[in-house]
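> structure, please.
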Amino acid sequence: MRKTYTLNIEGKNRDRLLEASKHDIRKYLKRERNKALPAGVDYWDFDTKSGVDEASAVAVAYADLFRSIDTLVAGGGDQFYVEVRSKAGHRSVKAAPADVWGKLRDEAADE
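Next up is the predicted model:
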């Protein structure tokens, strides 16, 4: 998804246009997450960019996408650009949690 959202349209409230654009982005993300996963893929991950226009867009973390949009709009911009691309995500294996209580028991038994 690559789209430029305009916020100053005559006869429309700027805040309502901002909320509608965020809703459009969330709807796209939900649609992409509901697609069938290819073999060997754990989840859908997203590469995101945002900026005033396509030329000035910078990569932002998925979690910070809406914060960056709010920052752009707070600066008084008339438009903003968003690019969202889905990619395959693979979960990493976490290390087993340490047996803290077992260590405490062993230390107490040694004393």
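> strands of the chain, start to end?
In the chain, strands defined by DSSP state E lie at 2-6, 43-51, 58-60, 79-89, listed in chain order.
> just checking, what packs against the longest one?
Same thing as strand 79-89. Under the contact criterion of 3 or more Cβ pairs under 8 Å, 6 or more residues apart in numbering; DSSP states H and E, strand 79-89 touches strand 2-6, helix 14-33, strand 43-51, helix 65-74. C-betas here are computed from N, CA, C, even on glycine.
> low-confidence ranges, the protein, go.
95-104, 106, 109-111 (pLDDT under 70).
> tell me, what residue is most central in it?
The residue lying closest to the centre of the chain (Cα atoms, centre = their mean) is Y62, at 2.2 Å.
> how close does that residue sit to D78?
For Y62, the distance to D78 (Cβ to Cβ, to the nearest Å) stands at 25 Å.
> next one: G89
From G89 to D78 the distance is 35 Å (Cβ to Cβ).
> name the nearest residue to G51, sequence neighbours excluded.
Distances taken as Cβ to Cβ, 6 or more residues apart in numbering put A57 closest to G51, at 3.4 Å, once the chain neighbours are dropped.
> got the contact list for the one you found?
By Cβ atoms under 8 Å, 6 or more residues apart in numbering, A57 lies in contact with K49, S50, G51, Y81, E83.
> L17 versus the nearest residue to the last one once chain neighbours are set aside, what's the distance?
This points to E83. Nearest residue to E83 in three dimensions, chain neighbours excluded: K49, at 4.2 Å (Cβ to Cβ, 6+ apart). Distance of K49 to L17, given as Cβ to Cβ: 20 Å.
> wait, what's in contact with R33?
By Cβ under 8 Å, 6+ apart, the contact list for R33 reads Y43, W44.
> so D42 makes contact with V93?
No: taking Cβ atoms under 8 Å as the definition, D42 is not a contact partner of V93, at 11.1 Å.
> these two: who's more crowded?
Neighbour totals were compared for D42 and V93, and D42 leads with 11 against 5 (other Cβ atoms under 10 Å).
> which residue is the nearest non-sequential neighbour of V73?
L18 (5.9 Å).
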